[in-house]
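Asks: Generate a structure from the sequence data that follows.
(one chain, ligands or ions: 2)
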Amino acid sequence: MKTQVAIIGAGPSGLLLGQLLYQNGIGNVILERKSGEYVLSRIRAGVLEHTTVQGLEKAGAAERMHKEGLVYTGVELLFNDQHVRIDFEKEVGKNVVVYGQTEVTRDLMDARPATGGVTVYEADNVALHDIDTAAPYVTYTKDGEAHRLDCGFIAGCDGFHGVSRQSIPADVLKSYERVYPFGWLGLLSDTPPVSDELIYAKHDNGFVLCSQRSTTRSRYYLQVPLADKVEDWSDERFWAELKNRLPAETAVKLVTGPSLEKSIAPLRSFVSEPMRYKSLFLAGDAAHIVPPTGAKGLNLAAGDVQCLADAFDDYYRNQSRAGIDGYSERCLKRVWVAERFSWYRTKLLHTFPDSDDFERKMQETEFNQLNLTENAAKTLAENYVGLPY
Ligand code: APR
Ligand code: PHB
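Replies: Ligands and ions are numbered 1, 2, ... in the order given. Here you go, the predicted model:
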């Protein structure tokens, strides 16, 4: 098989890139290790910035999101008994759309057949070859049969554990990493959300997030020790602890019910630089991870692939290498801003096992500044709704 761009991974990055390239008339083939059903079974965050919404529009996959997505004009932050509402409309005149990443992935998957683009699911042993030349290729096996895909470029959209980043010589890459001493236990339930805005709350027992997927489906998270297992958390224990960490007036409104899904995710900050090596371009989680406290993971991925689609368009349409040569630098600028924001919010809103009294006072003071200074609230709003890519 031969194509212009070989895309490794059919998560949101790979699927969105495939659609954007198709809109620009650029041929592409997606190779995904798992089945389509498996990809759709992963439950992830769901806050879409304006530029992500625009990306889905450009990709022709925004119709259901516009119908079913919930527009949020602000967010609630709680710190023990302090409270602040950050009003996005007032601070920066923008909003965000809450629409689950699973639904984004489904819409992109559904849009793909109309492009005629090939997606190979359950592609095993994907390996990248000759990435330091202008004629790279990818080999893989499907149903035990060996295949070869020749291409002009490779887009590594295969997540943190994918093969693409690992194919770059180690001495070319520099990684930056912070692993946090806790995880998030998430629970999805068909219960009405406790609030019609997202609530991020810090309690001495740990952080809580009240989020939602629709007016009838809620998503809640609790900060838990890294050693905890999902089996340690019955639904009853989860709901009791969630109520305990919320202010009494919110806790009384909480509607509980059986969990549809429960999982624990570790929190990590990670960036690998540069995001391009010769004919290989990394995008999304393959290049960087943020802790979910900033709701930036999917948005960074969507920004990367929009940059990359522009770069390939410039190359194939105008024979200009400016976009592909500037890709890594352009993305990393935005990536680091989101990394800083996600790290700042994680530090602000979690209970750190080893922090001392002084650090706890600093954390509380940082929070109080959101109420005291207009600039602090504005900066938070500006970062939360997202910067241009
Ligand atoms: N070969 C082929 N496919 C692979 C390989 C491989 N060796 N390794 C991984 N993959 C696939 C995975 O199965 C997955 O479907 O690549 C896809 C990567 O998808 P994601 O992990 O969802 O990453 P990305 O598309 O960059 O999306 C970023 O996902 O993790 C969240 O918070 C993150 O919201 C952000 C978004
Ligand atoms: C979610 O709805 O899953 C969600 C929302 C906001 C976050 C993280 C996760 O910051």
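Asks: all contacts plus neighbour counts: C-alpha atoms, from now on.
Replies: Will do.
Asks: List the contacts of Y220.
Replies: Neighbour list for Y220: G186, L187, L188, V208, L209, C210, S211, Q212 [criterion: C-alpha atoms under 8 Å, 6 or more residues apart in numbering].
Asks: can you list those residues in a markdown table and add secondary structure and distance to ligand 2?
Replies: Formatted as a markdown table, the contacts of Y220 follow (DSSP: H, G, I helix; E, B strand; the rest coil; distance: C-alpha to the nearest ligand atom, whole Å):
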| residue | secondary structure | distance to ligand 2 |
| --- | --- | --- |
| G186 | strand | 8 |
| L187 | strand | 9 |
| L188 | strand | 9 |
| V208 | strand | 10 |
| L209 | strand | 7 |
| C210 | strand | 8 |
| S211 | strand | 5 |
| Q212 | strand | 6 |
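Asks: Tell me which residues touch V126, please.
Replies: V126 neighbours (C-alpha under 8 Å, 6+ apart): L31, R33, V138, T139, Y140, T141, V163.
Asks: By neighbours, which of the residues you listed wins?
Replies: Within these, neighbour counts (other C-alpha atoms under 10 Å) peak at L31, which reaches 26 neighbours.
Asks: Bridge partners for it, pull those for me.
Replies: I8, V120 (DSSP bridges).
Asks: gap between it and ligand 1?
Replies: 5 Å (C-alpha to the nearest ligand atom, to the nearest Å).
Asks: picking that back up, would you check which pair of the contacts of V126 lies furthest apart?
Replies: For those, the maximum inter-member distance is 14.5 Å, found between T141 and V163 (C-alpha to C-alpha).
Asks: Tell me the residues of the stretch 151-300 of the chain that contact ligand 2?
Replies: For the stretch 151-300 of the chain, the contact set with ligand 2 under C-alpha under 6 Å from any ligand atom comprises S211, Q212, R219, P292, T293, G294, A295.
Asks: doesn't H147 make contact with T139?
Replies: Yes. Using C-alpha atoms under 8 Å, T139 makes contact with H147 at a distance of 5.6 Å.
Asks: and the residue nearest to T3 when sequence neighbours are not counted, how many neighbours?
Replies: The spatial neighbour of T3 that comes closest, neighbours along the chain excluded (C-alpha to C-alpha, 6 or more residues apart in numbering), is C151 at 4.9 Å. For C151, the neighbour count with other C-alpha under 10 Å is 22.
Asks: which residues in the stretch 151-300 of the chain form helices?
Replies: 235-245, 248-251, 297-318 (DSSP state H, counting those that start in this stretch).
Asks: Take those helices and lay them out in JSON lines including mean pLDDT, mean neighbour count and distance to E364.
Replies: Formatted as JSON lines, the helices of the stretch 151-300 of the chain follow (pLDDT from 0 to 100; neighbours: other C-alpha atoms under 10 Å; distance: least, C-alpha to C-alpha, whole Å):
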{"stretch": "helix 235-245", "mean pLDDT": "98", "mean neighbour count": "17", "distance to E364": "17"}
{"stretch": "helix 248-251", "mean pLDDT": "96", "mean neighbour count": "12", "distance to E364": "20"}
{"stretch": "helix 297-318", "mean pLDDT": "98", "mean neighbour count": "22", "distance to E364": "26"}
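Asks: can you put the ones you listed in TSV and add distance to L15?
Replies: TSV is the format used below for these (distance: least, C-alpha to C-alpha, whole Å):
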stretch	distance to L15
helix 235-245	34
helix 248-251	39
helix 297-318	10
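Asks: Nearest to ligand 1, out of those?
Replies: Of all those, helix 297-318 sits nearest to ligand 1, with 3.2 Å by C-alpha to the nearest ligand atom.
Asks: And ligand 1, is that closest one touching that?
Replies: Yes. Between helix 297-318 and ligand 1, judged by C-alpha under 6 Å from any ligand atom, the touching residues are G297, L298, A301.
Asks: Pull up the residues of the stretch 201-350 of the chain that are close to ligand 1.
Replies: Contact residues, the stretch 201-350 of the chain versus ligand 1 (C-alpha under 6 Å from any ligand atom): G284, D285, A286, G297, L298, A301.
Asks: Just flag the most distant two among these.
Replies: Taking C-alpha to C-alpha, no two of those sit farther apart than A286 and L298, at 12.1 Å.
Asks: Assess the claim that H161 and H288 are in contact.
Replies: No. Using C-alpha under 8 Å as the test, H161 is too far from H288 to be in contact (11.1 Å).
Asks: When those two are compared, which one has more neighbours?
Replies: H288 (27 against 10).
Asks: who's in contact with the spatially closest residue to S175 that is not a sequence neighbour?
Replies: The spatially closest residue to S175, leaving aside those adjacent along the chain, is S272, at 4.3 Å (C-alpha to C-alpha, 6+ apart). Residues near S272 by C-alpha under 8 Å, 6+ apart: L173, K174, S175, Y176, A287, H288.
Asks: what are the phi and psi values for the fifth one?
Replies: Read it as A287. When read as degrees, to the nearest 10, the backbone of A287 gives phi -110, psi -30.
Asks: all numbers from here: first residue = 780
Replies: Taking 780 as the first residue, the last one we looked at is A1066.
Asks: So what's the residue count around the residue in the stretch 830-979 of the chain that ligand 2 sits nearest to?
Replies: Nearest residue of the stretch 830-979 of the chain to ligand 2, counting by C-alpha to the nearest ligand atom: G879, 6.9 Å away. By other C-alpha under 10 Å, 20 other residues sit near G879.
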